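Participant: Predicted model, plus sequence, below.
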Amino acid sequence: MRKSSTVTVREKPVEEVASATSGGLTIYGETFLVPTDQRVELVDLTNKVMEYVRRFNIREGIVSLWSMHTTCSLFINEFQTALLTDIRRFLEQMVARDAEWLHNNPDHSDCDRSNADSHLRALLLGHSLTLQISGGEVVLGQWQRILMAELDGPRARSLRIQVFGVS
Amino acid sequence: MRKSSTVTVREKPVEEVASATSGGLTIYGETFLVPTDQRVELVDLTNKVMEYVRRFNIREGIVSLWSMHTTCSLFINEFQTALLTDIRRFLEQMVARDAEWLHNNPDHSDCDRSNADSHLRALLLGHSLTLQISGGEVVLGQWQRILMAELDGPRARSLRIQVFGVS
Amino acid sequence: MRKSSTVTVREKPVEEVASATSGGLTIYGETFLVPTDQRVELVDLTNKVMEYVRRFNIREGIVSLWSMHTTCSLFINEFQTALLTDIRRFLEQMVARDAEWLHNNPDHSDCDRSNADSHLRALLLGHSLTLQISGGEVVLGQWQRILMAELDGPRARSLRIQVFGVS
């Protein structure tokens, strides 16, 4: 059994900034970093995403947010200190860190991070969001916040944002 | 510790109906309400979404469906009375309503709905779907239904639908 | 109580291959089959999706991947034999196959596959992915792989891929 993970190789790395236009349609993409301080941490990206979208003159369209990692998730929920504590506790309940996961066993895995729990928690939350843009702004309900879940920090995480629409 | 949740404020509210075109590309968005009768309820939105998409002359493209709420999810599954009962039971097993969640504790939270379970169940199901349109209709398998999970009803829920494609 | 599930009927079936263009914008869609050998099996589709995207001259855009089934999921994670074993074990822990699900009970369901567990596991993983295209290739992190979860095989599964962008 191979102990290592498959590496994804593009012909060229993703460019920091990329864009394309066709008539009134514009696509802009950018990579940005989010530093984290704890092993499991929930970060509110809503204002950052809203500001990014406002920068471009896109009236109607979509915005995609993509985590470049396997142990860092993106999801929607409310941002309240109490609820964030509940979410962390829930993730710990769902996936025990110290269960006997093969990914953490040097006989079966060359990963030295012992982070099977991080991979499994990310399964539940997902790695991307595709949101609507309308009236030049992201479509979100009053209590909806765009959250990043660091599941194996602290680290600097790369996220890619892409807006796609008509001005 | 702040007991309240962050509010999301756009510069202007999302308009009921919005559209943009560029050449043969068209984008239409609309908000609609789905009333619910129970605290936890699964609603089949497939026909509504299929009819909405057929209304526009979009041959190939995508359709985004977005729940404007944190405790109301959108997902794909089969629509069968027995299975819907299993899904509700499964959500109850995954997230206990009466566990000691901080979000339900007035010492830590100003939310008076005691709905931590609703937030956590929504985490598992997600808040949006991005589907394909082909041949002027939504791409769905024979048993796939577009389902909304009311997780803290009864209420009237706002959903936003956006079609984006070429006629 | 009706024992059968609602069937989704389009006016016309999804065509094997479909495309549309408007100016520099192009949309291509295609259905392909993935055969599986086990009841629960994780298949790496990354190379297939990357090759599909490279076939078209789309520089910036999105690619949507859609499972046409209710018991076959699509998600992102690392591809390592040890971790895949952990993921299968995790899905078994989350949803017991032999619990008394109504969907498996002939008094309540006309489904003869006894696959309630497959439906519930698919709830957790989701049925689609919407990825970014940049520089003519899919945007993925170094360890990210596009995975299909067969949850009720062995079978031949239909997936639909759609690229949407500007050349």
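Facilitator: Received, thanks.

Participant: tell me the mean pLDDT over the longest helix along chain A?
Facilitator: Across chain A, the longest stretch assigned as helix under DSSP state H is helix A:81-94. Average pLDDT, helix A:81-94: 98.

Participant: Output the contacting helices and strands for it.
Facilitator: Counting contacts by 3 or more Cβ pairs under 8 Å, 6 or more residues apart in numbering or on different chains; DSSP states H and E, helix A:81-94 is packed against strand A:41-44, helix A:116-125, helix B:116-125. No exception for glycine: its C-beta is placed from N, CA and C like everyone else's.

Participant: repeat that with 7 Å
Facilitator: Applying 3 or more Cβ pairs under 7 Å, 6 or more residues apart in numbering or on different chains; DSSP states H and E, we find helix A:81-94 packed against helix A:116-125, helix B:116-125.

Participant: want to throw those helices into CSV with mean neighbour count, mean pLDDT and distance to C:Thr130?
Facilitator: Conversion of the helices and strands packed on helix A:81-94 to CSV gives the following (neighbours: other Cβ atoms under 10 Å in any protein chain shown; pLDDT from 0 to 100; distance: least, Cβ to Cβ, whole Å):
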stretch, mean neighbour count, mean pLDDT, distance to C:Thr130
helix A:116-125, 25, 98, 16
helix B:116-125, 25, 98, 17
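
Participant: Redo these as JSON lines? Include distance to B:His108.
Facilitator: Listed next are those as JSON lines, based on distance: least, Cβ to Cβ, whole Å:
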{"stretch": "helix A:116-125", "distance to B:His108": "23"}
{"stretch": "helix B:116-125", "distance to B:His108": "11"}
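
Participant: I'd like to know which of those helices lies nearest to C:Gly165.
Facilitator: In terms of Cβ to Cβ, the element of these nearest to C:Gly165 is helix A:116-125, at 26.8 Å.

Participant: Briefly note if stretch A:134-150 comes near chain B.
Facilitator: Yes. Judged by Cβ under 7 Å from any Cβ of the partner chain, stretch A:134-150 comes into contact with chain B at A:134-135, A:137, A:139-145.

Participant: Now restrict those residues to buried residues only.
Facilitator: A:134-135, A:137, A:139-141, A:143-145 (16 or more other Cβ atoms under 10 Å in any protein chain shown).

Participant: Filter those residues down to the ones in strands?
Facilitator: A:134, A:137, A:145 (DSSP state E).

Participant: if we take those residues, which one ends up nearest to A:Asn104?
Facilitator: Closest to A:Asn104, out of all of these and judged by Cβ to Cβ, is A:Arg145, at 32.0 Å.

Participant: which residues in chain A form strands?
Facilitator: A:17-22, A:25-35, A:41-44, A:60-67, A:72-77, A:128-134, A:137-138, A:145-150, A:156-166.

Participant: In CSV: these, plus mean pLDDT.
Facilitator: Output for those, formatted as CSV (pLDDT from 0 to 100):
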stretch, mean pLDDT
strand A:17-22, 96
strand A:25-35, 98
strand A:41-44, 98
strand A:60-67, 98
strand A:72-77, 98
strand A:128-134, 98
strand A:137-138, 98
strand A:145-150, 98
strand A:156-166, 98
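
Participant: Of the residues of stretch A:134-150 next to chain B, which ones also sit close to chain C?
Facilitator: By Cβ under 7 Å from any Cβ, no member of the residues of stretch A:134-150 next to chain B lies near chain C.

Participant: and which of those is nearest chain B?
Facilitator: Relative to chain B, the closest of these is A:Gly141; by Cβ to the nearest Cβ it sits at 3.5 Å.

Participant: returning to what we had before: could you provide the strands of chain A in CSV, with additional columns for distance to C:Met50?
Facilitator: Shown next, in CSV, are those (distance: least, Cβ to Cβ, whole Å):
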stretch, distance to C:Met50
strand A:17-22, 17
strand A:25-35, 17
strand A:41-44, 29
strand A:60-67, 15
strand A:72-77, 21
strand A:128-134, 17
strand A:137-138, 29
strand A:145-150, 25
strand A:156-166, 16
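
Participant: To A:Asp110, which of those lies closest?
Facilitator: Among the strands of chain A, if distance is taken as Cβ to Cβ, the winner is strand A:72-77, at 20.7 Å.

Participant: How about the closest one and chain B, any contact?
Facilitator: Yes. Applying Cβ under 7 Å from any Cβ, one finds strand A:72-77 in contact with chain B at A:75-77.

Participant: doesn't A:Arg160 make contact with A:Thr31?
Facilitator: Yes. A:Thr31 is within contact range of A:Arg160, at 5.0 Å (criterion: Cβ atoms under 7 Å).

Participant: Could you tell me which residues touch both of those two?
Facilitator: Each of A:Val14 lies in contact with both A:Thr31 and A:Arg160 under the rule Cβ atoms under 7 Å, 6 or more residues apart in numbering or on different chains.
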